[in-house]
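**Student:** Predicted model and sequence below, questions to follow.
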Amino acid sequence: MKRVFPILLIVCLLLSACAKTPAPTVPSTEPSTVPTTAAPTTEATQPTEETLPAAAEYSNPLTGEKLEEPYTDRPVAITINNVDPAYPHHGLNDVDVYFEMLVNDNATRGLAIYAIPENAPVVGSVRSARYNFVDVCQAYNAVLAHAGGSDEVMSEVHSRIDNLDAMIGEGSYFYRDSTRQSQGYAFEHTLFTTGKMLVEFAQAQGLDMTQAPGTDYGLHFAPDGTPDGEDANVVVLSFWGKTTRMTYDPETNRYLNREYGEDMIDGNTGEREGFTNVFAIQTDVSNYGVYHVADLLGSGDGYYASGGKIVPIQWHHEKAEDPFTFTLLDGTPLVQTIGSSYVGIVPMSSQVTWE
């Protein structure tokens, strides 16, 4: 009888070694065959709260990209000059989230958000602050890097967010590009900075550059978040006459940016400027003095495009300090593709089209 137990133990171990681990499931990348001539009218199917894909152990909260250690940084948001005499942009192929919005007349301006500030390369050209930049920074608890602003806008900046102003930091933490100056660029199109400069500036200003533990940005990611929607190889966002045209490139799985009839190039690398995800936030835009101001509190309609497909969505920003979150029309959380995002704040009176 003493030999029975070792024999039984051996048999159990052999049976356990023969068991197989189930193969992991991979999200389908099979394209839909739905025609793309009009706005989607059906709700797309994505995971519910209970079936959301598991995130990496550590990840960038704005892109879903894997990190080797917990995220503890505080984002910086850098104002980006977006008129054609100022092109090319610099640093947008390294951005995590890039907002574009109307600021005055038919001009738009950008806000480039970097979750890990020290990783930001040369970025610019940098311009002054606008009202909605304050709204976006408050939503992400981000530090605004900018070149001054009107008295009215700066009153909002100082009362609501932390900021790094080139009017104080130029020469040490912002600089004028001498090459641009020699090429005849207007003075206001020559200001640049880097992530390391801004981190040093923040330290000199005594700003806390760590994010509160447990901060939730409310975003959900998957390696392939291509929505089950209509074909959208080209997405066009209209800003009262000024258009941004995003063309899907299957080789890079990014939407390549074209504005003012020009292919947008990242001046740091000479490569086409592109984003993995494209969001359109539709809302009311009104005038406040000479500036355009979008209503970004509450919720509203919008669109999400990735992987050559597009679906209607709802955006949510109920309180000023809440992050922007996104759901499908049935209320389930949107799962987006891991990678960078472009967010266009589009007036209700303008259009978002695709083909």
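**Tutor:** It's in.

**Student:** Which residue ranges of the stretch 51-200 of the chain form helices?
**Tutor:** Along the stretch 51-200 of the chain, the stretches classed as helices by DSSP state H, counting those that start in this stretch are 131-140, 151-160, 166-169, 178-182, 195-204.

**Student:** buried set for the shortest one?
**Tutor:** To tie it back to what came earlier, the one meant is helix 166-169. Under the neighbour-count criterion of 16 or more other CB atoms under 10 Å, helix 166-169 has 166, 169 buried. In short, each C-beta sits where N, CA and C put it, glycine included.

**Student:** thinking again about what came up before, please work out which of the helices of the stretch 51-200 of the chain is packed deepest.
**Tutor:** Mean neighbours per residue, mean count of other CB atoms under 10 Å, is largest over those for helix 131-140, with a mean of 23.

**Student:** Give me the contacts around that one.
**Tutor:** Identification of contacts with helix 131-140 by CB atoms under 8 Å, 6 or more residues apart in numbering yields 62, 75, 77, 79, 99, 101, 111, 113, 142-144, 146, 153, 156-157, 160-161, 217, 288, 291, 293-294, 296, 317, 320-324, 345.

**Student:** what sits against Gly300?
**Tutor:** Neighbouring residues of Gly300 by CB under 8 Å, 6+ apart: 281-283, 314-315.

**Student:** so where's this protein uncertain?
**Tutor:** Residue ranges of the chain with pLDDT under 70: 1-56.

**Student:** Let's check: the centremost residue of it is which one?
**Tutor:** Val97 (1.9 Å; CA atoms, centre = their mean).

**Student:** Dig out what the spatially closest residue to that one that is not a sequence neighbour forms beta bridges with.
**Tutor:** Nearest residue to Val97 in three dimensions, chain neighbours excluded: Ile113, at 4.4 Å (CB to CB, 6 or more residues apart in numbering). Under DSSP bridges, the beta-bridge partners of Ile113 are Ala77, Val97.

**Student:** which residue sits closest to Ser349, ignoring its sequence neighbours?
**Tutor:** Here the residue nearest Ser349, using CB to CB, 6+ apart, is Trp240, at 7.4 Å.

**Student:** Tally up the residues packed near the one you found, please.
**Tutor:** 16 (other CB atoms under 10 Å).
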